[in-house]
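1. Just to be clear, the model below is a prediction. Sequence and coordinates:
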Amino acid sequence: MPDTDLLTLQIDHVNILQVRYEQVLADHGYDSLLISSGAAPMRYGDDQSWHFHGYGPFLHWTGLTGFEHAWLLIRKGRKPLLSLHQPVDFWHASLELGQEPWLSEFELRFSEHRCAPELDKVGRLAVTGDPSLLAEVPGEHNSGALCAALDETRIHKTAYEIACLAEANKLAMAGHRAARDAFLAGASEFEINLAYQLATQQREADAPYHSIIGVNEHAGTLHYQYYDVVAPAQSRSMLIDAGVCYRGYCSDVTRTTAGLGEGRFGALVQGLEQLQFRLCGMVAPGVDYVDIHRKTHQGIAALLSVAGLVNDLSEEDMVSEGVTRAFFPHGIGHFLGVQVHDVAGKPVPPPADAPFLRLTRTLEPGMVVTIEPGLYFIPSLLEPLLSGPLGDHLNRPLIGELQGCGGIRIEDNVVVTDSGYRNLTREAEA
């Protein structure tokens, strides 16, 4: 059972959402909104389904991650109606709904059937969810304008949401410590993943995303998706990008560890961490997130120069000529919430010099973002530089030596406060 303070905050959270959603419905001319929790689709040509992850708006209200075929009806001036599917089933276990105070804020129903609850006096009805589950449901389905407005309600996190994100970070850091210790003890990627799961007490299927665990050159593949079951003869580096889901809210944390005797790579890890600290320090109301991304490239240029990876080329030219993009090809981060890459991050497209940036907003209190600079040795990105007109400025022997370490990424989850920032990940790490 969560602590009393968290449960009280959840009641406040529900009441805040009621106000936000009623305003959205009024703005778009609707009287009520029906939200589907979703259901796991069946694999094509198989009798097995994919693992279930709930629909964002449903999780935003309830945090009930495992309830398929559930429905939530939002009505002006009335309690939300929460209808949960509880079939009579001897093949599978049925989820138990804990008796928590927030449920008193809902009208609660249970049904053996998967269909939407009977709707009475709902007026003009909007419906949102997986279209494959809405065929028999009346109302206007997945209006683009309405869904965009609902996404906006998730930008500014409530105190309850921030508390959940903080707990998700605390649990994740226990896993990251276990993963680091396993790596330094000579474990394989598969064994490192088991150590992470054991420490977090969460199945990988229930985690917010598939953990990225790359040893040696695998750390240079940004979304490396496999686990070697045999440890390499020499473990030079490990990058682990892994989170935890707590009451529907996601942590998204990355750490990089240098192997024993990897002094050069270890110095780069320390240098990137110092840059990451400075970037986190930029988080504050009124700051353009794109500026943090661009400041990252300036910092990467300075690190490349100090490390001797690029010589006789100014830091300004490294950025303008695209050298830093070859070492740091992704964006500095994204929104975080009930989805890892939470919604509404790009009201305008990213700039041409940052095509993969997932967040283009000016920061405001209550937003939660990731800050995740990286420095990688990716052959497909570095080869064009090495063979091009700037190739003589790159330290080929040193790059060749470090390619076997793959790369570095350091990622924290940061709340924008009224006067600056709060780093949930470093709090959990302390």
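-> Here it is on my side, so go on.
2. In the longest helix along the chain, which residues are buried?
-> Counting by DSSP state H, the longest helix found in the chain is helix 159-184. Within helix 159-184, the residues scored as buried using 16 or more other Cβ atoms under 10 Å are 159-176, 178-180, 182-183. All C-beta atoms are positioned from the backbone trio N, CA, C, and that covers glycine.
3. now do stretch 322-342
-> Here stretch 322-342 shows 322-328, 330-342 as buried, counting by 16+ other Cβ under 10 Å.
4. Next, the angle from the strand or helix carrying Val414 to helix 159-184.
-> Val414 belongs to strand 412-416 when assigned by DSSP states H and E. On the basis of axes from the mean of the first three to the mean of the last three Cα atoms, to 10 degrees, strand 412-416 is oriented at 160 degrees to helix 159-184.
5. Quick check: can you name the pairing partners of strand 412-416 and their directions?
-> strand 368-371 (antiparallel), strand 421-423 (antiparallel) (DSSP bridges).
6. now the first one: mean pLDDT?
-> Mean pLDDT, strand 368-371: 98.
7. what does it rub up against?
-> Outside strand 368-371, the residues that touch it by Cβ atoms under 8 Å, 6 or more residues apart in numbering are 157, 161-162, 165, 252, 276, 279-280, 283, 289, 292, 332-337, 342, 359, 363, 411-416, 424.
8. cool, and the shortest one?
-> The contact list for strand 421-423 (Cβ under 8 Å, 6+ apart) reads 280-281, 283-284, 412-415.
9. nearest to Ala205, of the strands paired with strand 412-416?
-> The closest of the strands paired with strand 412-416 to Ala205 is strand 368-371. By Cβ to Cβ, the value is 22.5 Å.
10. Pull out the buried positions in the closest one.
-> Buried, per 16+ other Cβ under 10 Å, within strand 368-371: 368-371.
11. go on, stretch 90-105?
-> 102-103, 105.
12. Now these in CSV, please, with extra columns for secondary structure.
-> Converted to CSV, these look like this (DSSP: H, G, I helix; E, B strand; the rest coil):
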residue, secondary structure
Trp102, helix
Leu103, helix
Glu105, helix
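13. quick one: which of those residues is nearest Ile399?
-> The closest of the buried residues of stretch 90-105, once distances to Ile399 are taken by Cβ to Cβ, is Trp102, at 53.9 Å.
14. Apart from its neighbours in sequence, what residue is nearest the closest one?
-> Excluding the flanking residues, the one nearest Trp102 by Cβ to Cβ, 6 or more residues apart in numbering is Gln10, at 4.4 Å.
15. Name the SS class of the residue positioned nearest the centre of the chain, please.
-> Nearest to the geometric centre of the chain sits Val340, at 2.2 Å (Cα atoms, centre = their mean). Secondary structure state of Val340, per three-state DSSP, is coil.
16. Would you quantify the distance from it to Ala172?
-> 12 Å (Cβ to Cβ, to the nearest Å).
17. Same check on Glu262?
-> 25 Å.
18. now swap in Thr257 and tell me
-> Counting by Cβ to Cβ - Thr257 and Ala172 are separated by 15 Å.
19. you'd agree Leu357 is up against Asp291?
-> No. With contact defined as Cβ atoms under 8 Å, Leu357 does not reach Asp291; the gap is 11.4 Å.
20. Okay, helices next: where are they in the chain?
-> 4-27, 56-62, 144-152, 159-184, 189-200, 263-281, 289-306, 315-320, 323-327, 379-387, 396-402, 424-429.
21. If you count neighbours, what's buried in the third one?
-> It refers to helix 144-152. In helix 144-152, counting by 16+ other Cβ under 10 Å, buried: 146, 149-151.
22. Give me the packing partners of that helix, helices and strands only.
-> Secondary-structure packing of helix 144-152 (3 or more Cβ pairs under 8 Å, 6 or more residues apart in numbering; DSSP states H and E): helix 4-27, strand 125-128.
23. Give me the contacts around the longest one.
-> In this case it means helix 4-27. So helix 4-27 is contacted by 31-33, 60-61, 63, 74, 76-77, 80, 100-102, 104-106, 126, 146, 149-150, 152-153, 158-161, 163-164, 167 (Cβ under 8 Å, 6+ apart).
24. Only the buried members of the contacts of strand 421-423: can you turn that into a ChimeraX selection?
-> In ChimeraX, this line selects whichever of the contacts of strand 421-423 come out buried by 16+ other Cβ under 10 Å:
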select :280,283,412,413,414,415
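25. in its sheet, what does the helix or strand bottoming out on mean pLDDT in the chain sit against?
-> Counting by mean pLDDT, DSSP states H and E, the chain has its least confident helix or strand at strand 107-111, which shows a mean of 93. As defined by DSSP bridges, the strand partners of strand 107-111 come to strand 81-85 (parallel).
26. which residues touch the partner strand?
-> In this structure, residues lying in contact with strand 81-85 by Cβ under 8 Å, 6+ apart are 62, 64, 67-73, 75, 97, 103, 106-114, 116-117.
27. check contacts around Ala178.
-> By Cβ under 8 Å, 6+ apart, the residues touching Ala178 are 195-196, 198-199.
28. List the residues that contact Pro285.
-> Counted by Cβ under 8 Å, 6+ apart, Pro285 has contacts 363-365, 416-419.
29. Pull up the gap between the residue nearest to the centre of the chain and Pro351, please.
-> Between Val340 and Pro351 the computed distance is 23 Å (Cβ to Cβ).
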